[in-house]
Structures are given as structure tokens and as C-alpha cells.
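1. Next one to model:
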Amino acid sequence: QVQVVESGGGLVQAGGSLRLSCEVSGRTIERYVMGWFRQAPGKEREFVAAITWSGFRSYYADSVKGRFTISRDNAKNLVDLQMTSLKPEDTGIYYCAARTTWTEATARLATAFDHWGQGTQVTVSW
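-> Numbering: from 1, shown residues only. As a prediction, this is how the structure comes out:
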């Protein structure tokens with residue numbers, strides 16, 4: 001059974017940086033396209049970033065493009081999300097997710113991801 005576990009959340013001031021990590025166990029991470037989503041209080045879960053199997057392609061929400069970077073280390077079964085220039089609107093629970101199939105049309109759809117972690121809280125204050 002696949003397990004997805006996030007770590008690295010916390011409290012940071014606006015303009016600061018955080019690095020989130022996601023570890024996949026039970027199956028090799030090479031099987032999965034990996035993604036990050038987030039959910040702010042009272043809002044729906046939204047796409048943040050995704051990276052294909054080999055890391056050849058990555059995708060970002062417009063709101064984080066140029067500030068966040070997704071990367072993966074298949075040898076360590078890890079995928080990271082480096083977040084810089086953080087803003088209060090980046091606050092939320094960040095979820096790591098995995099999927100085995102991929103189409104450009106569904107790149108940003110949460111429903112297309114099969115396995116999810118429990119989430120890690122990120123809070124950005126003024």
C-alpha cells in the first residue's frame with residue numbers, strides 16, 4: 001500500500017522561505033507523477049505544482065510561478081516544494097499527492113491524483 005507523508009510546514013514571515021518534503025513508501029516513487037495542492041480555510045483545495053516521472057516537466061499554478069519550485073529525487077523516494085517570497089495568501093494546508101496516469105488536460109485536477117498525504121500546515125504572517 002502506498003503511503004504519502006509530508007513534512008516541513010511551519011510559521012514564517014511574509015517574504016520568507018520554506019521547504020516542504022514528501023516521502024512516498026510502499027511503492028517506488030518512479031511510478032508516480034507527483035503534485036502539491038493546498039487548501040486555505042473556507043476555500044477549495046487548489047493545485048500548486050506537479051512534476052512528471054523523471055522530473056523532465058513541471059507545472060505551476062500562476063499564483064506561485066517564479067516563487068515555488070518542485071523537484072524530485074527518485075533514488076530517495078522524495079519530492080520537495082521549495083517556497084520563496086512567501087505571502088500571507090500562501091497560508092494553508094499543503095498536501096502531497098501521487099498519480100500513475102498523466103494527461104496535459106488533467107494536469108491540475110485534484111481528482112486525477114490517486115494517493116494523498118495528510119497535509120502539513122503552512123502559515124505566512126505579516
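2. Looking at the residue positioned nearest the centre of the chain now. What's its pLDDT?
-> Geometric centre of the chain, nearest residue: W36, 2.0 Å, by CA atoms, centre = their mean. Model confidence at W36, given as pLDDT, is 98.
3. Just the element for it, please.
-> strand 33-39 (DSSP states H and E).
4. residue boundaries of the strands in the chain?
-> With strands called from DSSP state E, the chain shows them at 3-7, 10-13, 18-25, 33-39, 46-51, 58-60, 68-73, 78-83, 92-99, 115-116, 120-125.
5. most packed of those strands?
-> strand 33-39 (a mean of 24; mean count of other CB atoms under 10 Å). Every residue, glycine included, has its C-beta placed from N, CA and C.
6. can you give me the angle that strand makes with strand 92-99?
-> 160 degrees (axes from the mean of the first three to the mean of the last three CA atoms, to 10 degrees).
7. Report all helices and strands that strand 33-39 contacts.
-> strand 18-25, strand 46-51, strand 68-73, strand 92-99 (3 or more CB pairs under 8 Å, 6 or more residues apart in numbering; DSSP states H and E).
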